[in-house]
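Peer 1: got a predicted model here, sequence first, then my questions.
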Amino acid sequence: MIRLDMLPRERPNPKQRLVLTGLPVAIGMVTPSLALLGVQVLVGRIAIDVAVVDVLQQQFAAGHNLFVLSLIGLIPFVALSAMMSKYSKWRTRRSCHTLLGCGLAGLLGLMIPAHVMVWYPLYGPGRMSSTAVIAFVFIPFYCTLTMFLGLAVGWVITKAQWFQQFRKGQCQRCGYDLTGNVSGTCPECGGKASSPNATMTGE
Ligand SMILES: [Zn+2]
């Protein structure tokens, strides 16, 4: 468990930026398989070693193609990775972790239950065949919407002073004192201020 107050007000270093950028795509690649594995073990009461072999075999098997499904499902994760790459350039580690957490919560909060719902008929009582596999094509699009909802919440939260590297009245990109600045542009780094004397977001 990451404790936010232990994260410094610094920006992520290059290695941390790489992790922040790569993590969403990495999670997106394993989510469909892990959801199926979870349904097999918890709903289907299939032994975990048997389930793992089955899930691995289904990666490219006709009719299931888990690997292809995860590629389609990657769309929102790729978008999140691209955004984290941009965020982590100017924002503090506190902000980056909060934004990543909120984005993933919005995304996975819908994607995991959606995947479970599609697989459930195959392994639940009655063992019907799932006719909803086509839903996998649409799931990523709805999940993109909920991801942006999560990101919007995170974006509002990280506007708080606690998440900023520099004090109010300073440029949030470089820390230059913007008191009395009327141009709306930081003379030091050229960053845009939303309004004179306002806290700059550096975006
Ligand atoms: Zn500046």
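Peer 2: Done, it's in. As the structure is a computational prediction, the values presented were derived from the model and not from experiment.
Peer 1: roughly how far does residue 34 sit from residue 80?
Peer 2: Separation of residue 34 from residue 80 (Cβ to Cβ, to the nearest Å) stands at 17 Å. C-beta coordinates here come from the backbone N, C-alpha and C atoms, glycine included.
Peer 1: likewise for residue 36?
Peer 2: Between residue 36 and residue 80 the computed distance is 22 Å (Cβ to Cβ).
Peer 1: these two: who's more crowded?
Peer 2: Relative neighbour count places residue 80 above the other of residue 36 and residue 80, with 28 against 24, counting by other Cβ atoms under 10 Å.
Peer 1: report the contact partners of the more buried one.
Peer 2: Applying Cβ atoms under 8 Å, 6 or more residues apart in numbering, one finds that residue 80 lies in contact with 24, 100, 103, 104, 107, 147, 151.
Peer 1: next, residue 185: phi, psi?
Peer 2: As for residue 185, its main-chain torsions (degrees, to the nearest 10) stand at phi -130, psi 140.
Peer 1: run a quick neighbour tally on it.
Peer 2: Residue 185 has 16 neighbours, counted by other Cβ under 10 Å.
Peer 1: next structured bit after the longest helix anywhere in the chain?
Peer 2: Counting residues, the longest helix found in the chain (DSSP state H) is helix 93-123. Sequence order places helix 135-157 as the next helix or strand after helix 93-123, per DSSP states H and E.
Peer 1: list the contacts for residue 177?
Peer 2: 169, 170, 171.
Peer 1: from residue 183, how far out is it?
Peer 2: 14 Å.
Peer 1: who's sitting farthest from the centroid in the chain?
Peer 2: Taking Cα atoms, centre = their mean, the residue of the chain most remote from its mean C-alpha position is residue 180, at 38.0 Å.
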